[in-house]
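J.: Kindly generate the corresponding structure for this input.
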Amino acid sequence: MKQYKNIKQNLINFLQNEVKNSGLSSVVVGLSGGLDSAVVAVLCKEAFGKNLTCILMPSQFSSKSSVEDSIELCEKFDINYEIISIEPMISAYLSNMNNNTLRVGNFSARLRMSVLYDKSFEKNSLVVGTSNRSEILLGYSTIFGDTAYAINPIGNIYKSDLFDFAKFLGVTDKIINKKPSADFYENQSDEDDLGYSYSKIDSLLKAIYDEKQNKEELIKNGFENSFIDDISKRVEKNRFKTELAKIAKI
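T.: Numbers count the residues shown, from 1 in each chain. Next up, the predicted model:
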């Protein structure tokens, strides 16, 4: 419990210092009804009080619970929020995507970030990101979508560790207990897309990146060769999402 208390205070200090250094005093957060954005919203509420606005951006493909759970969280913590449907924007371009759920999902993520940055301009605020360390390493994200933000308080916390931290912060049970999902379409599941549970993936990522184990050590410690290769290939394939765009040198 003391560990979570220290982490919470460190993250609040980070948020307050970064926003102050930017010359601003308020932030906006895209609230999806999922665990990551809920944790960030609660941290930002503690850091900025009424100078936080959460933006809920449902589409025609969002689950009903995404909005309901977001509102419940905002009401519990007295967080200012706005609901802006991106359904008309998606509908205007939908016929061009040939019912490809991945294309629709990526397009939706980029639309949401466009809305979020527009609201940040209106409110003279910084956009706070909600990507966790697992998603960042795996590249399980949309470039120029949920990878776009000014600051991120949870980018060094693995997904599987966020559940207990969320409980400590008082995040509502409905959000904590639901299956992780990008909410790209009805019944979409992160773990189904990835092929493994977050707990299994995170155990490997921690061994590789925190404990610096080589492949021989990983296999010795019980990780299957095929699992190591699958995750390693995914990380390498998506590494470009964490790097700045390449500019030619002259």
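
J.: Does residue 108 touch residue 90 like I think?
T.: Yes: the pair residue 108 / residue 90 is scored as a contact, 6.1 Å apart, by C-beta atoms under 8 Å. Using the backbone N, CA and C atoms, a C-beta is placed for each residue, glycine as well.

J.: what touches both of the two?
T.: Both residue 108 and residue 90 are contacted by 59, 61, under the criterion C-beta atoms under 8 Å, 6 or more residues apart in numbering.

J.: the more surrounded of those two?
T.: It is residue 108, of residue 108 and residue 90, that has more neighbours when counted by other C-beta atoms under 10 Å, with 26 against 17.

J.: Output the contacting helices and strands for the helix or strand bottoming out on mean pLDDT in the chain.
T.: Within the chain, no helix or strand scores below helix 190-194, which has a mean of 86 by mean pLDDT, DSSP states H and E. Under the contact definition 3 or more C-beta pairs under 8 Å, 6 or more residues apart in numbering; DSSP states H and E, helix 190-194 sits against helix 198-205.

J.: Could I get the full set of helices for this structure?
T.: Remark: helices assigned in the chain by DSSP state H are 2-21, 35-48, 64-77, 87-93, 101-122, 133-138, 159-169, 173-177, 190-194, 198-205, 215-220, 225-237.

J.: For the second one, name the packing helices and strands.
T.: With contacts defined as 3+ C-beta pairs under 8 Å, 6+ apart, the secondary structure elements packing on helix 35-48 are helix 2-21, strand 27-30, strand 52-56, helix 64-77, helix 159-169, helix 173-177.

J.: Those: which one's closest to residue 192?
T.: Among those, helix 159-169 comes nearest to residue 192, with 14.5 Å by C-beta to C-beta.
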